[in-house]
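In: Next input, structure requested:
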Amino acid sequence: MNHAQIANVTTGLPALFLSIGALLIVILYIWAGLRSSRHNRLKVWPWYRYVSFTFGIICAAISVTGPIAALAISNFTMHMVSHLLLGMLAPVLLVLAAPVTLFLRSLPVRKAKFVASLLRSYPVRFITHPIIASLLNIGGLWILYTTSLYSWMHTNLMVHILVHVHIFAAGYVFTVSLIYIDPVPHRLSYIYRSIVLIGALAAHGILSKYIYGHPPKGVGVQEAQTGGKLMYYGGDLIDLVIIVLLCYHWYKNTRPREALA
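Out: Below you'll find the model as predicted:
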């Protein structure tokens with residue numbers, strides 16, 4: 001399978017089904033939010049979570065379907081746009097939407113307790129630890145761009161799909177491991193999470209500079225330089241949102257103690 005054939009998948013019938021699925025997910029989220037608000041008027045689901053979830057799904061959808069996804073097959077700059085949307089911006093927006101919390105609120109008490117117990121299980125605790133999540137996220141990107149995996153994903157449809165699934169899942173888990181909005185299986189200190197975040201940001205920045213000077217296999221020098229700069233500066237803008245959220249939560253958590261002192 002060549003670049004053109006994979007590009008056809010991103011704009012053909014599979015893309016249509018994926019787009020319909022994304023729309024249904026948004027509708028289901030809105031329905032769950034309205035239903036939850038109707039049954040619990042004291043805790044109405046915030047409007048900004050609907051907006052955040054909708055735009056998060058849109059970012060994820062347009063990164064794997066439509067013109068951006070089709071161009072990303074053969075254009076490294078557009079690939080990097082897709083990477084930023086799928087692996088960074090969409091996860092941040094979805095975490096802000098607190099989908100797990102809404103899901104638990106929508107379930108009967110007994111089923112909600114069962115799901116909560118699964119969230120506290122060892123596999124979930126392991127994957128959502130900030131260090132493991134960082135290795136899965138940033139480490140996966142190093143493997144993608146410094147090996148032949150990047151060129152392989154554009155000639156093998158299954159690899160193409162798996163890489164995109166990993167980019168999104170790893171980005172989401174990484175954000176969840178640092179920003180505690182949904183229930184999480186552990187509560188690590190803000191200092192600990194900040195140190196991990198700084199390390200991840202450094203590794204991401206170094207990788208973007210490496211791409212600038214050492215283009216992935218099959219990528220031209222000019223495209224690698226443009227893509228590397230986009231990854232560096234675009235990634236910083238999205239990372240700034242995570243930094244602000246982490247600092248804001250830290251401030252909210254410590255302010256009452258300071259007031260009492």
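In: Do a quick rundown of the helices in the stretch 101-250 of the chain.
Out: 109-119, 122-127, 130-134, 140-146, 149-152, 157-178, 190-213, 221-260 (DSSP state H, counting those that start in this stretch).
In: Now distance to Leu16 and mean neighbour count too, for the ones you listed, in CSV please.
Out: No exception for glycine: its C-beta is placed from N, CA and C like everyone else's. CSV is the format used below for those (distance: least, CB to CB, whole Å; neighbours: other CB atoms under 10 Å):
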stretch, distance to Leu16, mean neighbour count
helix 109-119, 32, 11
helix 122-127, 32, 12
helix 130-134, 33, 19
helix 140-146, 27, 18
helix 149-152, 26, 16
helix 157-178, 16, 19
helix 190-213, 33, 16
helix 221-260, 28, 15
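In: any idea how far Ile179 is from Ala200?
Out: 13 Å (CB to CB, to the nearest Å).
In: brain fart, Gly12
Out: Counting by CB to CB, the gap from Gly12 to Ala200 is 36 Å.
In: Run through the residues that contact the most centrally placed residue in the chain.
Out: Centroid-nearest residue in the chain, with CA atoms, centre = their mean: Pro91, separated by 2.7 Å. Pro91 makes contacts with Gly56, Phe168, Gly171, Tyr172, Phe174, Thr175, as judged by CB atoms under 8 Å, 6 or more residues apart in numbering.
In: can you do 7 Å?
Out: Phe168, Gly171, Tyr172, Thr175 (CB atoms under 7 Å, 6 or more residues apart in numbering).
In: In JSON lines: these, plus pLDDT and distance to Ala112.
Out: Below are the contacts of Pro91 laid out as JSON lines (pLDDT from 0 to 100; distance: CB to CB, whole Å):
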{"residue": "Phe168", "pLDDT": "97", "distance to Ala112": "26"}
{"residue": "Gly171", "pLDDT": "97", "distance to Ala112": "26"}
{"residue": "Tyr172", "pLDDT": "97", "distance to Ala112": "21"}
{"residue": "Thr175", "pLDDT": "97", "distance to Ala112": "23"}
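In: Can you tell me which of the residues you listed is closest to Ser208?
Out: Distance to Ser208, by CB to CB, is smallest for Gly171 among these, at 15.4 Å.
In: So, low pLDDT: which residues of the chain?
Out: 1-4, 41-42, 256-261 (pLDDT under 70).
In: ok, 90 please
Out: Within the chain, the segments meeting pLDDT under 90 span 1-16, 36-44, 66, 70, 73-74, 106-109, 154-157, 183-187, 217-218, 252-261.
In: coming back round to it: wait, which of the helices of the stretch 101-250 of the chain is closest to Ala97?
Out: The nearest among the helices of the stretch 101-250 of the chain, by CB to CB, is helix 157-178 at 11.3 Å.
In: If you count contacts, what does the closest one end up packed against?
Out: Using 3 or more CB pairs under 7 Å, 6 or more residues apart in numbering; DSSP states H and E, the elements in contact with helix 157-178 are helix 3-11, helix 90-96, helix 130-134, helix 140-146, helix 221-260.
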